[in-house]
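A.B. asks: What would the 3D arrangement of this be:
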Amino acid sequence: MSQPSVRILSDAADVASVAADRVVDAAVTAVAERGIFHLCTTGGSTPAALYRALREPSRAARMPWAQTQIWFGDDRFVSRTDPLSNLQPLDAQLLSPDPDGAASPLPPTAVHPWPTSQVSADAAVQAYLAELRSVGVAHTAEGFPVFDLVLIGVGGDGHCLSVFPGSPLALPNAPVADGVPAPTHIEPHVPRLSFSLGMLTAAREVIALAPGAAKAAAVARIFAETTPIVDAPAKGALLPHATWLLDGASAATLSA
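C.D. replies: Okay, the predicted model is just below:
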């Protein structure tokens, strides 16, 4: 398997800062080459720090906000205002005014959440896939959207997106996206909506964010040659166009 680039940074704050720089660079390149930047982001605590870093003046001035469109690799099947929604950190950090009252540079219409108001997971998935095509996102022959940059977090059980160990979404013949039953082994115990791992292969670039000692065991399993992808789905992001951003704590048990 071709290996990704791996960077071991000092701490979670440094991971967020380096990731934010990469988002800006990817956005500038995408706009120069294609006139638009399609970012697929994730949930959790690390993206919140990344969003704050994007609002810092030196980065915000370079970021082509007007040409940026934001999507989500997965979300909980809850309303946007629910604290469990992956929209919460983005709404709080990217769409809210700055502490000095300055408006967000990102138009609210540029954010594309999973349509969790739909009556079923299947209806929500079909609506999201239709929206991607209506906006003009490129697709592979297999039907996967081609995002300019995909951000993923890594769970302590080795999952990414809402593709958990043993999930059919980790298999080669998985659909592009699907509803995910509420997991029983990890909180929160609520249903999800998620792309399958094929969207990582389709992306132009992938960044995996995995700082902290709580991720060390999962990171070690993911990088172990003998671990099958179905047992640690984030292994699907060990791609030549991916960069893994770790810190000293999460990389502590990795071999050279």
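A.B. asks: And the spatially closest residue to residue 113 that is not a sequence neighbour, how close does it get to residue 77?
C.D. replies: Nearest residue to residue 113 in three dimensions, chain neighbours excluded: residue 87, at 5.3 Å (Cβ to Cβ, 6 or more residues apart in numbering). Every residue, glycine included, has its C-beta placed from N, CA and C. Note on residue 87: its distance to residue 77, by Cβ to Cβ, to the nearest Å, is 13 Å.
A.B. asks: Common neighbours of these two, please.
C.D. replies: Residues touching both residue 87 and residue 77 by Cβ atoms under 8 Å, 6 or more residues apart in numbering: none at all.
A.B. asks: can you tell me which residues contact the residue nearest to residue 113?
C.D. replies: 72, 75, 80, 111, 113.
A.B. asks: Tell me the confidence at it?
C.D. replies: Looking at residue 87, its pLDDT reads 93.
A.B. asks: cool, residue 98 as well?
C.D. replies: Predicted confidence (pLDDT) for residue 98: 84.
A.B. asks: where does it land in three-state SS?
C.D. replies: coil (DSSP: H, G, I helix; E, B strand; the rest coil).
A.B. asks: burial measure for the residue lying closest to it once chain neighbours are set aside, as a count.
C.D. replies: In this structure, residue 98 finds its nearest non-sequential neighbour in residue 55, 6.5 Å apart by Cβ to Cβ, 6+ apart. Around residue 55 sit 19 other residues, with neighbours defined as other Cβ atoms under 10 Å.
A.B. asks: Make sure residue 55 is actually in contact with residue 94.
C.D. replies: Yes - Residue 55 is in contact with residue 94 according to Cβ atoms under 8 Å; the separation is 7.0 Å.
A.B. asks: quick revisit: which residues touch the residue nearest to residue 98?
C.D. replies: Contacts of residue 55 by Cβ under 8 Å, 6+ apart are 93-94, 98.
A.B. asks: how about low-confidence regions in this protein?
C.D. replies: 1-2, 256 (pLDDT under 70).
A.B. asks: ranges for the strands of it?
C.D. replies: Using DSSP state E, the strands of the chain run over 5-9, 37-41, 68-72, 74-76, 149-153, 177-180, 192-195, 206-210, 242-247.
A.B. asks: could you redo those strands as a markdown table and give each row distance to residue 124?
C.D. replies: Below are the strands of the chain laid out as a markdown table (distance: least, Cβ to Cβ, whole Å):
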| stretch | distance to residue 124 |
| --- | --- |
| strand 5-9 | 34 |
| strand 37-41 | 16 |
| strand 68-72 | 12 |
| strand 74-76 | 9 |
| strand 149-153 | 20 |
| strand 177-180 | 7 |
| strand 192-195 | 6 |
| strand 206-210 | 24 |
| strand 242-247 | 27 |
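A.B. asks: how about the ones you listed in TSV, adding mean neighbour count?
C.D. replies: Listed next are the strands of the chain as TSV, based on neighbours: other Cβ atoms under 10 Å:
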stretch	mean neighbour count
strand 5-9	16
strand 37-41	24
strand 68-72	22
strand 74-76	24
strand 149-153	26
strand 177-180	21
strand 192-195	26
strand 206-210	26
strand 242-247	23
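A.B. asks: would you turn the contacts of residue 55 into a markdown table with neighbour count and distance to residue 129?
C.D. replies: Below are the contacts of residue 55 laid out as a markdown table (neighbours: other Cβ atoms under 10 Å; distance: Cβ to Cβ, whole Å):
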| residue | neighbour count | distance to residue 129 |
| --- | --- | --- |
| 93 | 18 | 27 |
| 94 | 24 | 24 |
| 98 | 12 | 34 |
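A.B. asks: Let me have these in TSV, extended by distance to residue 11.
C.D. replies: Listed next are the contacts of residue 55 as TSV, based on distance: Cβ to Cβ, whole Å:
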residue	distance to residue 11
93	19
94	22
98	25
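A.B. asks: Now flag whichever of these is closest to residue 133.
C.D. replies: Set against residue 133, the nearest of the contacts of residue 55 by Cβ to Cβ is residue 94 (24.7 Å).
A.B. asks: Contact partners for the closest residue in space to that closest one that isn't next to it in sequence?
C.D. replies: The spatially closest residue to residue 94, leaving aside those adjacent along the chain, is residue 51, at 4.7 Å (Cβ to Cβ, 6+ apart). Residues near residue 51 by Cβ under 8 Å, 6+ apart: 89-90, 93-94.
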